[in-house]
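[1] Sequence plus the predicted model coming up.
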Amino acid sequence: MLIRIWREFEAMFLEVNNLSVDLGQFHLIDVNLGLEKEDYMVIIGPTGSGKSVLLETIAGFYRPQSGRIFLEGKDITHLTPEKRGISIIYQDYVLFPHMNVFENIAYGLKKRIEDKEVIESSVVDAAKRLKIDHLLDRNPETLSGGEKQRTAIARSLIVEPNLLLMDEPFSALDVNTHTYLTDLLKKAVSDYQTTCIHVSHNFNDVWSLAEQVAVMRDGEILQQGVVADVFSKPRHDFVADFVGVRNIFQGEVVGGSKGITDVEIDKNLILHSSDTYNTDFKEVIVVIRPENIIFSNQPFVSSIRNQLKGIVTEVVLIGPTVWVEVDVHGTSFKGIITPSSLDMLGIKKGNEIYLSFKSVNVKLIDND
């Protein structure tokens, strides 16, 4: 019992409490954020939501109007950047042009230790982890974008920071280089046991790297949590829309029983959700992820509670997937399938189609 109680009150590795910053055009409003040691968090949100300001405030570049930042239980709110033990990586690399790759990687380490053999061994080790050990004698201007960013990552990791911050580190890279660096970064961060916060507009970074994700808008964090939970159980209508739910409806609780809530989203169109509400006439927002909708040419024979019939209004090929929009008595549902499934089902605009989805995939958000 004592152990359990102690863990409940044990401080998180990083705690941002009620942090507010006003920079005129950009601002933060009562931001709260928590991260355990060795966690990897990706922060997403539209341009101008304050993601970079949050990183740079944690790093010590901006002084908050209110709130506190704790790292390993220590209040670092008013410490200068160099005393925080935090490294930050930007998309434009910020390498020293007059130094070669070895000297760039070693730069921070030389300020901490003097043993040349230890420095050389550490640089070579970091370079090998990032697959740039063959580039140590090269100057930055001769490197590709991916090689420059790997050099910047090695320089940051070699000093074993308490916290590594990354602001759109891959945004200037092509898709193949981005994927390659993601794999290298994931392993290197794990090897160095580094705690990370990574700002990105690319959802692939969330799925490939993160244990935690936070969604920001207008200087506020609307939701933070395990990646799968935030994407499948959004607690805010903006979060639902931003993470690609697509099916977002205004609804009203009209009844339910045995762990199922009945919600009316349009006149006489009732959906069934496993999210329970005990109060009838409660206004809610209903969200259904498009990949959770099953299409069929006949009624789906199963225990699935939500089975609807409609008319296909749009079929759009987007990369390796197909978006299908179906009108059900004036309400539009959007689902996603593969091109082979599209051909197999013979789905075309104007066709009648059945769609089914489980009650557990119908998520309800308080309409506050």
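    Everything's here; your move.
[2] Give me the domain ranges for the protein.
    9-237, 245-366 (automatic domain parsing).
[3] Please spell out the segments of this protein that come in under the pLDDT threshold.
    Low-confidence segments of the chain, defined by pLDDT under 70: 1-10, 368.
[4] Helices along the stretch 151-300 of the chain, start to end?
    175-192, 203-209, 227-232, 237-242 (DSSP state H, counting those that start in this stretch).
[5] now these in JSON lines, with mean neighbour count?
    Glycine gets a C-beta too; all of them are placed from N, C-alpha and C. JSON lines is the format used below for the helices of the stretch 151-300 of the chain (neighbours: other CB atoms under 10 Å):
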{"stretch": "helix 175-192", "mean neighbour count": "16"}
{"stretch": "helix 203-209", "mean neighbour count": "18"}
{"stretch": "helix 227-232", "mean neighbour count": "17"}
{"stretch": "helix 237-242", "mean neighbour count": "19"}
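[6] what about the ones you listed, which gets the closest to E147?
    Of all those, helix 175-192 sits nearest to E147, with 9.3 Å by CB to CB.
[7] which residues in the stretch 201-350 of the chain form strands?
    212-217, 220-226, 247-257, 260-266, 269-273, 283-288, 294-296, 306-318, 321-328, 331-337 (DSSP state E, counting those that start in this stretch).
[8] Would you check that E36 makes contact with F13?
    Yes: E36 lies in contact with F13 (CB atoms under 8 Å); the separation is 5.3 Å.
[9] Quick check on those two: which one has the bigger neighbour count.
    F13 (17 against 13; other CB atoms under 10 Å).
[10] roughly how far apart are that one and M41?
    According to CB to CB, to the nearest Å, F13 stands 11 Å off from M41.
[11] contacting residues around the residue nearest to Q298 when sequence neighbours are not counted?
    Leaving out its chain neighbours, the residue that sits closest to Q298 by CB to CB, 6 or more residues apart in numbering is Y354, at 6.5 Å. Going by CB atoms under 8 Å, 6 or more residues apart in numbering, Y354 touches F295, S296, N297, Q298, P299, F300, Q307, L308, K309.
[12] same thing but at 7 Å, please
    S296, N297, Q298, P299, F300, Q307, K309 (CB atoms under 7 Å, 6 or more residues apart in numbering).
[13] which residues of the stretch 51-200 of the chain fall in strands?
    66-71, 74-75, 86-90, 163-167, 196-199.
[14] buried residues in the first one?
    By neighbour count on 16 or more other CB atoms under 10 Å, the buried set for strand 66-71 is G67, I69, F70, L71.
[15] I'd like the distance from the first one to T57, if you could.
    In this view, G67 and T57 are 9 Å apart by CB to CB.
[16] which residues do the two both contact?
    With CB under 7 Å, 6+ apart, G67 and T57 have common neighbours L19.
[17] count of neighbours near H27?
    Neighbour number of H27 under other CB under 10 Å is 15.
[18] what does I113 give?
    Number of residues near I113 (other CB under 10 Å) recorded here: 11.
[19] That one contacts I119, correct?
    Yes: using CB atoms under 7 Å, I113 is in contact with I119, at 6.5 Å.
[20] Setting the sequence-adjacent residues aside, check what's closest to D133.
    A127 (4.0 Å).
[21] give the contact list for that neighbour.
    Counting by CB under 7 Å, 6+ apart, A127 touches I105, D133, L136, A154.
[22] one more time with 10 Å, if that's ok
    V101, F102, I105, D133, H134, L135, L136, R150, T151, A154, I158 (CB atoms under 10 Å, 6 or more residues apart in numbering).
[23] Please identify which pair of those lies farthest apart.
    Largest pairwise distance in the contacts of A127, by CB to CB, is 17.5 Å, between H134 and I158.
[24] More neighbours: those two, which one.
    Neighbours were counted for H134 and for I158 using other CB under 10 Å; I158 has more, 23 against 10.
[25] where's the residue nearest to F61 when sequence neighbours are not counted relative to I153, distance?
    The shortest distance from F61 to any non-neighbouring residue, by CB to CB, 6+ apart, is to P81 (6.4 Å). P81 is 19 Å from I153, where distance means CB to CB.
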